[in-house]
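Engineer: Here is my input; please provide its structure:
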Amino acid sequence: MKHNKKRNTAFIYETLSRELAKAVVEKDNNRKTEVLSVLKEYFAKGRPLAEELKLYKVLLETRNIQQPLAERLLQETKFAYSRLNDSEIFDAQSKIISAINKKLGNHVWANFVPNFKSLASVSAIFNPKTSVKGKVLFEQSIIDIMSTEVPLAEVNKMESIDNLTYDSFINKFNEKYTGLIKEQKDLLNQYVTSFSDNGLELKIFLNRELQRLKEVINNKSLETDQPMMQNKLQEVLVYLEEFRKREFTDTDLNKVLMTQQLVREVSEQ
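Structural biologist: Model (predicted):
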């Protein structure tokens with residue numbers, strides 16, 4: 001059975017997230033607004049596609065559990081999926097496909113999605129038209145992924161590969177961003193997905209990151225004997241303090257990205 005990625009809710013979400021990341025990195029605010037409007041309309045909490053996406057994520061993001069538990073989790077997830085309204089999901093998919101084609105363009109479907117095979121496997125498990133043999137094979141594949149123990153060293157290796165993939169993605173669309181450091185990538189990842197939970201995870205991330213930036217800058221300010229450098233660092237500290245009192249904007253995003261680069265540079269001195 002040929003996989004139709006346009007009818008794969010998880011793929012739709014992933015390709016839109018990458019389109020949003022491109023817009024953020026390229027500072028295309030109009031494009032960012034267009035992509036966000038589609039994401040918010042169809043993946044807001046309680047919407048059919050959002051509920052389906054939750055079940056995809058259960059199977060795609062669970063790792064390092066024992067096989068019996070993986071099998072139980074698969075069965076419970078399939079049961080939960082069977083209680084979703086198929087017609088509502090199909091109708092929502094039709095509408096978002098149309099919205100993407102008309103508002104964003106067909107080229108969105110060509111975005112590179114690294115875990116496409118896993119997305120297709122889960123889609124096949126949920127699809128009642130999948131053959132019995134195919135469903136058994138796909139289910140065993142997902143069980144193996146969930147239950148295979150991944151050593152810490154391998155996790156770190158996977159994260160490095162993810163970073164390289166993200167770098168390649170950035171390079172493809174805007175070469176001047178090839179030097180993004182890990183902290184900047186983490187911030188961008190949080191920013192482009194903040195619509196899904198009204199920015200809660202982004203706020204948590206920012207609280208930790210801003211505290212880290214403040215500590216480094218404050219220490220460097222105390223260490224340096226250059227008045228000009230001290231003044232500049234103090235200006236950054238004042239900005240970071242004032243930022244907590246207002247909503248996070250595109251301007252703030254750019255300034256925090258610049259501050260992260262500054263902190264990296266002064267830390268290496």
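Engineer: For the chain, give me the ranges with low pLDDT.
Structural biologist: Along the chain, the model assigns pLDDT under 70 to residues 1-2, 150-179, 192-199, 244-246, 250, 269.
Engineer: Which secondary structure state is assigned to the residue of it most remote from its centre?
Structural biologist: Each residue of the chain has a distance to the centre, and by CA atoms, centre = their mean the biggest one is for D225: 41.6 Å. Of the three states, D225 takes coil under DSSP: H, G, I helix; E, B strand; the rest coil.
Engineer: Name the SS class of F112, please.
Structural biologist: Of the three states, F112 takes coil according to three-state DSSP.
Engineer: Around it, how many other residues sit close by?
Structural biologist: Residues near F112, counting by other CB atoms under 10 Å, number 12. Yep, even glycine has a C-beta here, placed from its N, CA and C like the rest.
Engineer: A50 too?
Structural biologist: 16.
Engineer: Check whether it really touches A44, as I assumed.
Structural biologist: Yes - counting by CB atoms under 8 Å, A44 is a contact partner of A50 at 6.3 Å.
Engineer: Could you find the closest non-adjacent residue to K57?
Structural biologist: With sequence-adjacent residues excluded and distances taken as CB to CB, 6 or more residues apart in numbering, K57 is closest to A10, at 7.6 Å.
Engineer: Next, the contact list for that neighbour, please.
Structural biologist: Shown in contact with A10 (CB atoms under 8 Å, 6 or more residues apart in numbering): L53, Y56, K57, L60, L119, V122, S123.
Engineer: Over to F126?
Structural biologist: With CB under 8 Å, 6+ apart, F126 has these contacts: L55, K78, Y81.
Engineer: now those residues in a markdown table, with secondary structure?
Structural biologist: Below are those laid out as a markdown table (three-state DSSP):
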| residue | secondary structure |
| --- | --- |
| L55 | helix |
| K78 | helix |
| Y81 | helix |
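Engineer: which residue ranges form the helices in the stretch 101-250 of the chain?
Structural biologist: In the stretch 101-250 of the chain, the helices defined using DSSP state H, counting those that start in this stretch lie at 116-126, 132-147, 152-173, 182-192, 200-223, 227-243, 250-267.
Engineer: circling back to that earlier point, quickly find the element holding the residue nearest to K57.
Structural biologist: helix 9-25 (DSSP states H and E).
Engineer: starting at the chain centroid, how far to that helix?
Structural biologist: 8 Å (CA atoms, centre = their mean, to the nearest Å).
Engineer: same question, stretch 7-27
Structural biologist: That offset, for stretch 7-27, works out to 9 Å (CA atoms, centre = their mean).
Engineer: in it, what's buried?
Structural biologist: For stretch 7-27, the neighbour count (16 or more other CB atoms under 10 Å) marks 8-25 as buried.
Engineer: looking at the helices of the stretch 101-250 of the chain, which is closest to I65?
Structural biologist: helix 132-147 (5.8 Å; CB to CB).
Engineer: Just the CA trace of the closest one, in CSV.
Structural biologist: Taking C-alpha atoms only, helix 132-147 is exported to CSV below (Å, rounded to 0.1, in the frame of the first residue of the first chain):
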residue,chain,number,x,y,z
VAL,A,132,-2.8,-8.0,8.5
LYS,A,133,0.7,-9.1,7.6
GLY,A,134,1.8,-5.5,7.1
LYS,A,135,0.2,-4.3,10.3
VAL,A,136,2.0,-7.0,12.3
LEU,A,137,5.4,-6.1,10.8
PHE,A,138,4.9,-2.4,11.4
GLU,A,139,3.8,-3.0,15.0
GLN,A,140,6.8,-5.2,15.7
SER,A,141,9.0,-2.5,14.3
ILE,A,142,7.5,0.2,16.5
ILE,A,143,7.7,-2.2,19.6
ASP,A,144,11.4,-2.8,18.9
ILE,A,145,12.1,0.9,18.7
MET,A,146,10.3,1.6,22.0
SER,A,147,11.8,-1.3,23.9
